[in-house]
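>>> take a look and give me a structure for this.
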Amino acid sequence: MDTTDFDEQLRQQELEKQGKLEPQESSSAITYTDKDGTVYEWDFKQKVYVPKIDEDFIAQYQMNYGVADAANVTDNSTADIEYNQDPPKPDSDSNEQNKPSDTSGKYKPAQKSEDPGWFHVDDKHNLNVYVSGLPLDITDDEFLSIMKKCGLIMHDPMKRAAKIKLYKDDNGQPKGDGLCCYIKPESVSLALQILDGYDVRGKKIKVEMAKFEMKGKFDPSKKKRKLTNKEKKKFKEKQEKLFDWRPEPLRGMRFKREKTVILQNMFEPREFEEDPSLLRELKDDVQSECSKFGEVRKIVIYDRNQKGVISVTFREPEEADECIVALNGRWFAQKKIVAETWDGKEKFDIAETEEERQDRLNKWQRFLQQGSTSKISNEEGGEHKTELASVSETPAASP
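Residues are numbered from 1 along each chain as shown. Just a heads-up that it's a prediction; the model follows:
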C-alpha cells in the first residue's frame with residue numbers, strides 16, 4: 001500500500017468522525033487497486049480497506065488453494081441437527097455393533113478399551129519354534145547347543161539367560177518337548193528346514209512354528225512386568241553388538257594386555273603397615289627403573305597382596321617385553337623378582353575386612369602422630385626439617 005492510499009484511508013476516517021459520510025455511503029463502494037493488482041474496498045464499519053470479493057477474486061483463490069470437496073461441505077442447519085442427535089443405543093439382541101462403523105461424519109460413541117487378554121502373533125513376526133521328540137534326559141545346555149546351529153537365540157533380560165524352555169511334567173521331569181525363541185525371523189526358517197527331522201542321540205526331533213493357545217482364563221497378575229526405558233536401551237545395544245561386524249586382528253598384531261607387566265616378590269605387605277611412607281618410595285623406585293625401557297603410563301601397587309604384586313603399564317608392548325627381559329630373575333631388596341606379561345584376566349586386589357580396615361586406620365593415625373612429634377623435636381633442636389612422604393594411592397581394581 002503506497003502513501004496515496006494511506007492518505008485516502010486517513011481522509012475517510014476523518015470524514016466519518018465529522019459525520020459528513022452518511023450511512024448510505026457505505027453502499028457506494030470506494031475502491032483502489034494495489035500494485036500487485038489486488039482490488040481493495042473501503043469497509044465503513046471496520047474503517048479499513050479489505051480485499052474486494054468478486055468472481056475474479058474467487059477464481060484466483062481457487063487457483064492457489066484448490067476447491068473444497070462438495071462431499072465434505074455440510075449445510076449448517078443439517079449439521080446442527082445431526083450434532084444435537086443423541087448417540088444410538090446399542091442393541092444387545094442384535095450384532096449391529098459388530099458391523100463396520102458408518103463414515104458419514106455423524107456422532108460416534110467412544111469405544112471402550114479392550115479388556116486384557118491373550119493376543120495373537122502372526123507367522124511373519126513369530127520368533128518361536130516348538131520342538132518335540134527330544135530325549136527325556138536332555139539338559140538345557142544340550143538343547144541350547146542344538147538350537148544355536150540355526151542362529152542367535154534371544155536373551156531374556158529378566159532371567160539373564162537364553163530364552164529357551166524345556167517342558168516338564170508334574171514331577172519335574174522333562175516331557176521331551178521344548179520352546180526356543182530366536183532373535184531373527186530368518187533363524188526360524190532355517191530351523192524349520194534344517195532341524196526338522198534332525199537326529200539327537202538316535203531320536204528324530206520335530207520342529208514347527210510355535211502356536212500359543214489359551215488355556216484357562218487370562219490372569220493379568222501373572223503377566224511379566226515391562227522393561228524400563230533404560231533396560232530397553234541396554235537390551236537393544238547388546239543385541240546390536242551381537243550382529244556388529246568387526247574385522248579380525250591382523251597377523252602379528254599385539255594385544256592391549258601385553259602392554260602391562262606384572263612384577264611379583266617386590267615387597268612384604270607388613271612393611272607398609274609399619275611405615276606407610278614406603279609406598280611412595282617403592283613407587284618412585286619402580287618408576288625410575290622401568291622408565292629405562294620406555295614410557296610408563298601407570299603403576300599400581302597391590303599393597304595387600306601377599307605375593308608383593310606391582311603392575312606396570314607401558315605405552316607399547318615392545319617396551320613391556322624389554323622390561324620383562326631385564327627384570328625377570330633380578331634381585332630386589334633380597335627378593336627374586338618374577339616379571340611376566342599380564343594374562344588380562346587375573347585380579348590382584350585383595351578386599352579387606354572391616355576389622356582390618358579399622359586396624360589400618362589406627363596404625364595410620366599413630367603414624368601421623370609420631371611424624372608430628374618428630375617434626376616438632378627437630379625444629380626445637382635446630383636440625384633441618386624433613387617433610388613426611390604421603391601415601392601413594394589406594395589399591396586399584398585391575399591393571
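>>> correct me if wrong: residue 197 contacts residue 191.
No - using C-beta atoms under 8 Å, residue 197 makes no contact with residue 191, being 11.5 Å away. The C-beta positions use only the backbone N, C-alpha and C, and glycine is treated the same way.
>>> any idea of the mean pLDDT for the one helix or strand residue 321 maps to?
Counting by DSSP states H and E, the element that carries residue 321 is helix 317-327. Averaging pLDDT along helix 317-327 gives 94.
>>> tell me which residues of the helix or strand encompassing residue 180 are tucked away?
If you go by DSSP H and E, residue 180 is part of strand 174-181. Across strand 174-181, burial judged by 16 or more other C-beta atoms under 10 Å covers 174, 176-181.
>>> neighbour count: residue 197 and residue 191, which is higher?
Higher neighbour count among residue 197 and residue 191: residue 191, with 23 against 11, using other C-beta atoms under 10 Å.
>>> nearest spatial neighbour of the more buried one, skipping sequence neighbours?
Excluding its sequence neighbours, the residue lying closest to residue 191 (C-beta to C-beta, 6 or more residues apart in numbering) is residue 150, at 4.3 Å.
>>> was I right to think the one you found contacts residue 196?
No - in terms of C-beta under 8 Å, residue 150 does not count as a neighbour of residue 196; the distance is 10.6 Å.
>>> so which residues make contact with stretch 286-301?
Here stretch 286-301 makes contact (C-beta atoms under 8 Å, 6 or more residues apart in numbering) with 259, 261, 263, 266-267, 279, 282-283, 310-316, 318-320, 322-323, 326-327, 392-393, 395-396, 399.
>>> which of those residues are buried? Put it as a ChimeraX command.
The ChimeraX selection below is limited to those of the contacts of stretch 286-301 classed as buried (16+ other C-beta under 10 Å):
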select :259,261,263,266,267,279,282,283,310,311,312,313,314,319,320,322,323,327,392,395,399
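>>> which ones among the contacts of stretch 286-301 are found in helices?
279, 282-283, 318-320, 322-323, 326-327 (DSSP state H).
>>> which single one of these is nearest to residue 237?
Closest approach to residue 237 among the ones in helices among the contacts of stretch 286-301 (C-beta to C-beta): residue 320, at 32.8 Å.
>>> check which helices and strands the host helix or strand of residue 240 sits against.
Under the criterion of DSSP H and E, residue 240 resides in helix 229-242. If you count contacts as 3 or more C-beta pairs under 8 Å, 6 or more residues apart in numbering; DSSP states H and E, helix 229-242 packs onto strand 155-156.
>>> just the mean pLDDT for the strand it packs on, thanks.
Averaging pLDDT along strand 155-156 yields 85.
>>> what residues does it touch?
Strand 155-156 is contacted from outside by 161-163, 235, 238-239, using C-beta under 8 Å, 6+ apart.
>>> do that again at 6 Å, thanks
With C-beta atoms under 6 Å, 6 or more residues apart in numbering as the test, strand 155-156 has contacts from residue 163.
>>> toward the C-terminus, what is the element adjacent to it?
Next in line after strand 155-156, if elements are assigned by DSSP H and E, sits strand 161-162.
>>> show me what that next one is in contact with.
Residues outside strand 161-162 that contact it (C-beta under 6 Å, 6+ apart) are 144, 153.
>>> show me what that strand pairs with in its sheet, parallel or antiparallel.
In the sheet, strand 161-162 lines up against strand 155-156 (antiparallel) (DSSP bridges).
>>> I'd like the next helix or strand past the helix or strand bottoming out on mean pLDDT in the chain.
Within the chain, confidence by mean pLDDT, DSSP states H and E is lowest for helix 76-84 among all helices and strands, at a mean of 42. Once the chain leaves helix 76-84, the next helix or strand it forms, by DSSP H and E, is strand 128-132.
>>> with respect to residue 140, which of the buried residues of strand 174-181 is nearest?
Distance to residue 140, by C-beta to C-beta, is smallest for residue 178 among the buried residues of strand 174-181, at 8.9 Å.
>>> do I have it right that that closest one meets residue 166?
Yes - assessed by C-beta atoms under 6 Å, residue 178 is found in contact with residue 166 at 4.4 Å.
>>> from what I can see residue 179 touches residue 167, true?
No - counting by C-beta under 6 Å, residue 179 stays clear of residue 167, with 7.5 Å between them.
>>> re the thing from before, joint contacts of residue 150 and residue 196?
Joint contacts of residue 150 and residue 196 (C-beta under 6 Å, 6+ apart) do not exist.
>>> more neighbours: these two, which one.
Counted by other C-beta under 10 Å, residue 150 and residue 196 do not tie: residue 150 has more neighbours, with 22 against 14.
>>> pLDDT at the more buried one, what is it?
91.
>>> ok, so of the ones in helices among the contacts of stretch 286-301, who is nearest residue 336?
Comparing the ones in helices among the contacts of stretch 286-301 against residue 336 with C-beta to C-beta places residue 327 closest, at 10.5 Å.
>>> mind listing what the nearest residue to that closest one once chain neighbours are set aside touches?
In space, residue 327 comes closest to residue 339 once its chain neighbours are excluded; the distance is 4.4 Å by C-beta to C-beta, 6+ apart. Residues in contact with residue 339 (C-beta under 6 Å, 6+ apart) are 261, 263, 324, 327-328.
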